[in-house]
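Trainee: Starting from these lines, generate the structure:
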Amino acid sequence: MNEINETLLSAEAIRKTIEVPAHPIKPPITTEEKEALKSRIKKLMREQDAVLVAHYYTDGDIQELAEESGGCVADSLEMARFGTTAKEQTLVVAGVSFMGETSKILNPEKRVLMPDLRATCSLDIGCPADVFGAFCDAHPDHTVVVYANTSAAVKARADWMVTSGIALPIVEHLKAQGEKILWAPDRHLGHYIEKVTGVEMLLWQGSCVVHEEFKSVALERIRRLHPDAAVLVHPESPEHVTDQADVVGSTTKLIEAVATMDQKKFIVATDDGIFWKMKQVAPDKILISAPTAGEGATCESCAHCPWMAMNSLQNIEAMLQNPGPQHEINIDESIRERAMLPIRRMLDFADSHGISGKYQGNA
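Mentor: All right, here's what the predicted structure looks like:
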């Protein structure tokens, strides 16, 4: 137990040293300029046999471009799956680095480009492969389950990869098999899964800088101001926030809730990039950002990931104009082969259980 505590204290220390970048300042752009910019990007993508894969947390302009150009807007589960079926030989991934890596792991024959390779994730940074590998080595009797928000090297140490949309059924499956589980890296998502499934897991002490900013007391106040609103919370949020939710779930589940629930008003505790898709599927609904201010607030993220914010229409165009090694994802083949196994296991499970990472309703 002392060894476990020492390792998890080390993970906690790593988490606390993560430097969060300032949100990039994006110059204003007119509607006419934006449409011209999108038109140029579409032309460049056609010329390079490229398709755009965007996460729900990227700017709405990027999500709009992806849909208009035949690409994909989804959570990390469907982003991973999309690249394997796309006919294009170049995948432009608008998101953060682990998403580009996952695309490359599954599609080694394709070129995978990202607008800014510095766009990472606090969960990824907070789970270095060497420290995590030592933790796994110390507990060889545990099945290793890692969240998608990890590096290829960490995935290479795992038995399963999961996203928030599929974590619960996979952990339930492992529970039924009598497996002992080592979970990484998000401690809040891991704790939520423990509560729902009744499975006790060894939890790595990582966290998301966006979701950890949501404040319990401030959320209680805004709920009193809007008693008719449903509260939607991503499970990367702290327990005192998820405990107040009407719906806890992945990005796809939260989008579906806005589209299908009877309420007209929603308080949303996740990255506000998701509002673009929510407004698209339910234009008559009122969306309120859950508060990040309050006692103890640092507002490092202010409900939008600073690394996701490194994606823009402007740097997608610049990348396609000069698509060199400064934008291309490459992974050591020995790591890629090992990392593919837990990802493939997840995708096969999703296929066999009909689980999707993309909202299937009418947009």
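
Trainee: Just the pLDDT at A293, thanks.
Mentor: Here, the pLDDT recorded for A293 equals 63.

Trainee: I misspoke; the intended subject was H142.
Mentor: 98.

Trainee: is it true that it touches L202?
Mentor: Yes. Checked against Cβ atoms under 8 Å, the pair H142 and L202 is within contact range at 6.3 Å. Every C-beta, even on glycine, is put in place using the N, C-alpha and C of the backbone.

Trainee: which residues are common contacts for the two?
Mentor: Contact criterion Cβ atoms under 8 Å, 6 or more residues apart in numbering; residues bridging H142 and L202 by contacting each: I181, L182.

Trainee: Is M79 located within a strand, as I assumed?
Mentor: No. M79 sits outside any strand when classified using DSSP: H, G, I helix; E, B strand; the rest coil, being helix.

Trainee: what about it, neighbour count?
Mentor: Other residues near M79 come to 27 when the count uses other Cβ atoms under 10 Å.

Trainee: go on, P306?
Mentor: Each residue near P306 was counted by other Cβ under 10 Å, and the total is 19.

Trainee: and it, what is it in contact with?
Mentor: When contacts are counted by Cβ under 8 Å, 6+ apart, P306 touches V20, P21, A22, H23, P24, V209, E300.

Trainee: could you redo the last one with a cut-off of 6 Å?
Mentor: With contact set as Cβ atoms under 6 Å, 6 or more residues apart in numbering, P306 has these partners: V20, P21, H23.

Trainee: so the second one is in which element?
Mentor: I take that to be P21. Element membership for P21 (DSSP states H and E) is empty, with no helix or strand holding it.

Trainee: Figure out the helix or strand that the spatially closest residue to it that is not a sequence neighbour lives in.
Mentor: With Cβ to Cβ, 6 or more residues apart in numbering as the measure, P306 is the residue that lies nearest to P21, at 4.9 Å, once sequence neighbours are left out. Assessed by DSSP H and E, P306 sits outside every helix and strand.

Trainee: Check P306 and give its pLDDT.
Mentor: Value listed for P306 in the pLDDT field: 92.

Trainee: and if you look at L9?
Mentor: Here, the pLDDT recorded for L9 equals 66.

Trainee: what's the answer for the one 4 residues further on, then?
Mentor: Model confidence at A13, expressed as pLDDT, equals 81.

Trainee: Am I right that it sits in a strand?
Mentor: No. In this structure, A13 is helix, not part of a strand, as judged by three-state DSSP.

Trainee: about what we covered before: just the buried ones among the contacts of P306, please.
Mentor: Taking 16 or more other Cβ atoms under 10 Å as the criterion, what is buried in the contacts of P306 is H23.

Trainee: from the contacts of P306, which is closest to G133?
Mentor: Proximity to G133 was ranked across those by Cβ to Cβ; first place goes to V20, at 25.4 Å.

Trainee: Quick check: the closest one vs M45, distance?
Mentor: According to Cβ to Cβ, to the nearest Å, V20 stands 31 Å off from M45.

Trainee: For this structure, which helix extends over the most residues?
Mentor: Selection of the longest helix in the chain by residue count, based on DSSP state H, yields helix 333-353.

Trainee: Can you point out the buried residues in it?
Mentor: Burial within helix 333-353, assessed by neighbour count using 16+ other Cβ under 10 Å, is assigned to 335-336, 338-343, 345-347, 349-350.

Trainee: mind listing what the most centrally placed residue in the chain touches?
Mentor: By Cα atoms, centre = their mean, the chain has its centre lying nearest to S76, at 5.6 Å. S76 makes contact with M99, A148, T163 under the criterion Cβ under 6 Å, 6+ apart.

Trainee: As a markdown table, the residues you listed with neighbour count and pLDDT would be great.
Mentor: Below are these laid out as a markdown table (neighbours: other Cβ atoms under 10 Å; pLDDT from 0 to 100):
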| residue | neighbour count | pLDDT |
| --- | --- | --- |
| M99 | 27 | 97 |
| A148 | 27 | 95 |
| T163 | 24 | 93 |
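
Trainee: how far is stretch 86-106 from where the chain is centred?
Mentor: Relative to its chain's centre, stretch 86-106 lies at 14 Å (Cα atoms, centre = their mean, to the nearest Å).

Trainee: got it, and stretch 266-279?
Mentor: Here stretch 266-279 is found 14 Å from its chain centre; the criterion is Cα atoms, centre = their mean.
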